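> sharing a model prediction with you, sequence too.
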Amino acid sequence: MSDNESKTQTDHLRDVTSQLKEMRHYAQSNTETLSSQWLAFDQGEHKDTGFAEKINQLLTQQGSLLDELDTTIQDFEIEANRIENEA
């Protein structure tokens, strides 16, 4: 029996939740990097409104990803807790 076959549904949910939290951490870091680049193109030393707008679009998409990750993490945690409480 492989390790995956011996895990309960709750174990699997917790594993995926952990992976999603790690993804969220890196997504947040990427957002911070994009923000500093946006500032450089919008107001700073590399002023170029075309590039600033492209980065702003990426920031918007990254923000949506962060929101979806937060929602999914919360949903997975709620389900894992529900399963544990029913056992």
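Nice, thanks for sending it over.

> buried ones in stretch 27-40, by neighbour count?
By 16 or more other C-beta atoms under 10 Å, the buried positions in stretch 27-40 come out as 27, 34, 37, 38, 40. (Each C-beta comes from the backbone N, C-alpha and C, glycine too.)

> between those residues, which is nearest residue 49?
residue 38 (11.0 Å; C-beta to C-beta).

> counting by contacts, list what the helix or strand where that closest one lies packs against.
Remark: residue 38 resides in helix 9-42, with elements defined by DSSP states H and E. Counting contacts by 3 or more C-beta pairs under 8 Å, 6 or more residues apart in numbering; DSSP states H and E, helix 9-42 is packed against helix 49-86.

> name the helices or strands packed onto the helix it packs on?
With contacts taken as 3+ C-beta pairs under 8 Å, 6+ apart, helix 49-86 sits against helix 9-42.

> the helix it packs on versus helix 49-86: what angle between them?
160 degrees (axes from the mean of the first three to the mean of the last three C-alpha atoms, to 10 degrees).

> skipping adjacent residues, who's closest to residue 23 in space?
residue 69 (6.3 Å; C-beta to C-beta, 6 or more residues apart in numbering).

> ok, now which ones touch that neighbour?
When contacts are counted by C-beta atoms under 8 Å, 6 or more residues apart in numbering, residue 69 touches 20, 23, 24, 27.

> read off the pLDDT value for it.
In this model, residue 69 is scored at 97, pLDDT.

> and the gap between residue 8 and residue 83?
8 Å (C-beta to C-beta, to the nearest Å).

> before we move on, what about residue 19?
For residue 19 relative to residue 83 (C-beta to C-beta), the value is 18 Å.
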